[in-house]
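Only the shape, not the letters, is given here:
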């Protein structure tokens with residue numbers, strides 16, 4: 001049975017101390033000063049003197065770049081930085097607004113206010129005119145309602161996909177300009 005890994009807290013793997021396998025390394029000390037290119041054993045001795053870890057920061061470089069740091073503090077700051085980045089991102093959602101082909105003017109205005117709020121928040125809005133029973137024979141009325149919606153929201157939104165039928169509903173998707 002496999003252990004469940006904590007995918008939320010995934011950090012990149014860094015080689016440290018005895019895991020580093022290069023002969024020569026470019027060393028950066030704990031005050032972010034570049035010391036220069038030296039042998040790995042010299043870099044180890046400098047790290048031991050300061051009672052810190054030697055961490056490989058850029059393994060693809062020639063020679064690899066290593067830094068003298070407190071590894072647990074380094075991981076803490078990486079985690080903190082990752083959480084901060086995650087906090088600042090907003091995921092866009094698709095909100096759906098449904099109505100019938102014979103919707104009244106006032107009801108449509110209320111739905112448009114709600115749609116405008118969704119668009120200003122950065123969400124996509126999917127408008128669906130649902131046809132019930134014999135209303136399906138009046139598809140052009142649903143198209144007229146959606147054209148009113150497009151005209152009222154053209155200052156803030158653009159049409160992402162063309163109007164199309166999905167089963168018994170006429171659909172259009174809008175995104176913020």
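Structure received. In this text the structure is predicted, and so the values were computed from the model without any measurement. Numbering: from 1, shown residues only.

What mean pLDDT does stretch 40-50 get?
Averaged across stretch 40-50, the pLDDT comes to 83.

Spatially nearest residue to residue 24, not counting backbone neighbours?
Leaving aside its sequence neighbours, residue 24 sits nearest to residue 63 (CB to CB, 6 or more residues apart in numbering; 4.5 Å). Heads up, the C-betas are built off the backbone N, CA and C, glycines and all.

Reduced to three states, what does that neighbour come out as?
With DSSP: H, G, I helix; E, B strand; the rest coil as the basis, residue 63 sits in coil.

residues contacting it?
Contacts for residue 63 (CB atoms under 8 Å, 6 or more residues apart in numbering) come out as 22, 24, 25, 26, 37.

For the fourth one, give me its contacts.
With contact set as CB under 8 Å, 6+ apart, residue 26 has these partners: 34, 36, 37, 61, 63, 64, 65, 66.

can you pull the pLDDT of the fourth one?
At residue 61 the predicted local confidence, pLDDT, stands at 80.

ok, so what distance separates it from residue 135?
Residue 61 sits 67 Å away from residue 135, going by CB to CB, to the nearest Å.

Tell me which of those two has more neighbours.
A direct count of neighbours by other CB atoms under 10 Å for residue 61 and residue 135 places residue 135 higher, at 16 against 13.

Make sure residue 56 is indeed in a helix.
No. Counting by three-state DSSP, residue 56 is not found in a helix; it is strand.

and the top helix by length along the chain, what does it pack onto?
What stands out as the longest helix in the chain, according to DSSP state H, is helix 71-88. Packing partners of helix 71-88 (3 or more CB pairs under 8 Å, 6 or more residues apart in numbering; DSSP states H and E): strand 53-58.

Quick one: work out the angle between the helix or strand following the strand it packs on and helix 71-88.
Tracing the chain C-terminally past strand 53-58 and defining elements by DSSP states H and E, one meets strand 65-69 next. In terms of direction (axes from the mean of the first three to the mean of the last three CA atoms, to 10 degrees), strand 65-69 departs from helix 71-88 by 100 degrees.

Contacts made by strand 65-69 with the rest, please.
For strand 65-69, contacts defined as CB under 8 Å, 6+ apart pick out 20, 25-30, 43, 46-47, 50, 52-58.
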